[in-house]
Structure formats: structure tokens, C-alpha cells
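J.: no FASTA, just this:
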């Protein structure tokens, strides 16, 4: 990324992550990053921290819904990435995770694809003992939600009555 008209700041040596605060976001813009083939948004901090990192992937911890400053910064990523860049989102398999995925697709990356948020991943997690009971209020909201590409996940949650926080 770069700040103002300054030269690019290379954060690639920060192999365990770089934090960009709100004040920096006001003045920063993404810079071209050769070799990036994928951009992955990760909703859950534990997953972000335990991820096996690849050099050709930019990992972004999204913590939920992005702030307006974050949206502005991240939306500029598409201007400095290759047209074949893959955009992925790994979120919780619950109402919030589905809503965050849909929001990020609508606001940031129209080509965003879910990562490990399908019925097979859900089934594996349930078989491993994951899952918390779905509350009635959330069930009602989930039933009304058009989950688009994540309808399979939505149906699994409704059928089992269990959500999965990663």
C-alpha cells in the first residue's frame, strides 16, 4: 500500500500480518502487488491466525462488517489486481457469516466466492462435534434470507438447528 503520494510500503516481510489502523486507512491506498492470485477475506480471527499462508494469496481478517474506511480502501484492490484474481470469503457457518458474505459480495467484490462454507464443510464440522443451537429469532431471520449461493448452507443450518462459529 502507499500513503498519499509516497512510494509503496512493502509489507510482504510481515509474514504474520500487518495491521492498518483507521487513521492510516484515511490516507492510504492499495498498491500493485505482483504475484497475488487470490484475495481471501477471513471472518474469524482464530481461522485467520491458524491459516496456512500461501505467498500468492493476500489474507484479510474481516472481523465482521467492514467500516466505511475499510470499504473504501479494499474496493480499490480491484484496480491493482490481475483480472484473473480469485476473491474468496471464509466465514462462520451461521446467519452472520452468510450475511457478511453477501454484504462483501455486494459492496466489494462481485466475484466473491465462499470458501469452506458449503454443505460438505458444514457436515464435516457437525460430525466433528461443532455446532451451537440456532435461536428462534435467528431461525426466523435465516428462513427469510435469500442466501443466494449459500442456500445449501442455509438449508443445512435450518435442517439441523445448529450454527457453526468457526
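T.: Everything's here; your move. Please read these numbers as outputs of a predicted model, since none were measured by experiment.

J.: now the least confident helix or strand in the chain by mean pLDDT, how far from the chain's geometric center?
T.: For the chain, the helix or strand with the lowest mean confidence is helix 45-50, at a mean of 83 (criterion: mean pLDDT, DSSP states H and E). The chain centre lies 12 Å from the centre of helix 45-50; the measure is CA atoms, centre = their mean, to the nearest Å.

J.: try stretch 113-132
T.: Distance of stretch 113-132 from the chain centroid (CA atoms, centre = their mean) equals 16 Å.

J.: same question, stretch 66-85
T.: 13 Å.

J.: what's near enough to touch the residue positioned nearest the centre of the chain?
T.: With distances taken as CA atoms, centre = their mean, the residue of the chain nearest its centroid is residue 41 (2.7 Å). Listed by CB atoms under 8 Å, 6 or more residues apart in numbering, the contact set of residue 41 reads 60, 62, 87-91, 104, 112. Just so you know, the C-beta spots here come from the backbone N, C-alpha and C atoms, and that holds for glycine as well.

J.: quick one: which of those sit in strands?
T.: Among the contacts of residue 41, the ones falling in strands (DSSP state E) are 60, 87-90.

J.: For the chain, just list every one of the helices.
T.: Per DSSP state H, the chain carries helices over the ranges 22-27, 45-50, 68-75, 95-107, 119-127, 136-144, 151-160.

J.: closest to residue 34 out of those?
T.: Closest approach to residue 34 among the helices of the chain (CB to CB): helix 68-75, 18.9 Å.

J.: Would you format the contacts of residue 41 as CSV with neighbour count, distance to residue 118 and pLDDT included?
T.: Formatted as CSV, the entries for the contacts of residue 41 read as follows, by neighbours: other CB atoms under 10 Å; distance: CB to CB, whole Å; pLDDT from 0 to 100:
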residue, neighbour count, distance to residue 118, pLDDT
60, 17, 21, 92
62, 23, 19, 88
87, 20, 16, 96
88, 19, 12, 97
89, 27, 12, 96
90, 22, 11, 95
91, 27, 12, 95
104, 22, 17, 96
112, 22, 14, 97
